[in-house]
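Undergrad: below are the sequence and a predicted model; questions follow.
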Number of protein chains: 2
Amino acid sequence: MFSIRDMRLGEGVEWTLHCCTLLALLPEGAALPAARLAEFHDVPGPYLAKHLQVLSRAGIIESVPGPRGGYRLARSPADITLLEVVLAVEGEEPAFRCAEIRRRGPSAIPANGYPKPCGIARAMWRAEEAWRAELAAYTIGDLLSGLAVDVDPRAALKSAAWFQEVLRR
Amino acid sequence: MFSIRDMRLGEGVEWTLHCCTLLALLPEGAALPAARLAEFHDVPGPYLAKHLQVLSRAGIIESVPGPRGGYRLARSPADITLLEVVLAVEGEEPAFRCAEIRRRGPSAIPANGYPKPCGIARAMWRAEEAWRAELAAYTIGDLLSGLAVDVDPRAALKSAAWFQEVLRR
């Protein structure tokens, strides 16, 4: 099949940002196992577990051992940017990959004729910098503040009930 | 295989931006067939042809019929933004897709409890707006101006020779 459209973020970005937001709501000292995070978001447990391992390796969340163990945020919500989470999940590589096609074909010259990156790549990467800057300026703490304004009281109550039940187990 | 990294622009973006830049260098009234554009960039002809059809449908380039026909820009280089080319090739859909996972699981409430888009989606889309704004502010004309400064005279000479030969055919 001919497909040219692949600039899509994986669902892992949505899942992990929701998980970080939920972990930010945990009371001091508490943790949530991967299975509970999957349950709350109704997403496939084993697949979510892989993403959580990635976040853990990136130092965004950390695992607490023991019967009441699980994951918690490794830092304060205000110290975790959306950019960190997105790059941990999607990789640090830029979305635009320059294959240096300017060096091919009839106008090709020796390598020393290309001291600077291609202008097309520079323009594309500049746009990615703007995207990264925006995500770097917004934190899990900001998501929490937004949630406080936006969330419907019924959903807040149901979340609180779930938390109490799960943390009592 | 477990893969969570798919936020990559296709090679079609690089190819089509290079093609638009080359077409912007054409003398008035001239056109280049898809096969010549593929030759100049040393990329697979049939695959590039698909991308050129996409640009043509988007009104960025237009095809000129006849023995000396081919493609030319449909508008002035200064009127074609990088954003138009990228969205034509990659599609208009945002890179971040919100699956509304907040509506699942134990905190789910009826649909009227979610009057606004999820804060996570809003933050992700805001970052995409910054990316789009950057690409919308930069045109094929700007790429041409950059080329005039950056291109090695040897490559410029070879390009000019190729142009003369191809347009004489």
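TA: Thanks, I have the structure now.

Undergrad: I'd say residue A:123 and residue B:83 touch.
TA: No: if you go by CB atoms under 8 Å, residue A:123 and residue B:83 don't touch, sitting 10.6 Å apart. No exception for glycine: its C-beta is placed from N, CA and C like everyone else's.

Undergrad: hey, what's in contact with both of those two?
TA: residue B:135 (CB atoms under 8 Å, 6 or more residues apart in numbering or on different chains).

Undergrad: and the biggest helix by length in chain A, what does it pack against?
TA: Determined from DSSP state H, the single longest helix within chain A is helix A:119-136. Packed against helix A:119-136 by the contact rule (3 or more CB pairs under 8 Å, 6 or more residues apart in numbering or on different chains; DSSP states H and E) you find helix A:82-90, helix B:11-24, helix B:82-90, helix B:119-136, helix B:140-150.

Undergrad: for the longest one, give the mean pLDDT please.
TA: This points to helix B:119-136. For helix B:119-136, mean pLDDT is 97.

Undergrad: what angle do it and helix B:82-90 make?
TA: 120 degrees (axes from the mean of the first three to the mean of the last three CA atoms, to 10 degrees).

Undergrad: which positions within helix B:119-136 qualify as buried?
TA: For helix B:119-136, the buried set under the neighbour-count rule, 16 or more other CB atoms under 10 Å in any protein chain shown, comprises B:119-121, B:123-124, B:127-128, B:130-132, B:134-136.

Undergrad: let's have the helices and strands packed on helix A:119-136 in CSV, adding distance to residue A:98.
TA: Below are those laid out as CSV (distance: least, CB to CB, whole Å):
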stretch, distance to residue A:98
helix A:82-90, 18
helix B:11-24, 6
helix B:82-90, 14
helix B:119-136, 15
helix B:140-150, 14
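
Undergrad: SS state for residue A:67?
TA: Counting by DSSP: H, G, I helix; E, B strand; the rest coil, the backbone at residue A:67 sits in coil.

Undergrad: torsion angles phi and psi at it?
TA: phi -60, psi -30 (degrees, to the nearest 10).

Undergrad: tell me the pLDDT of it.
TA: pLDDT, residue A:67: 89.

Undergrad: relative to chain B, how far out is it?
TA: 22 Å (CB to the nearest CB, to the nearest Å).

Undergrad: if anything else comes up later, I'll come back, but that's it for now.
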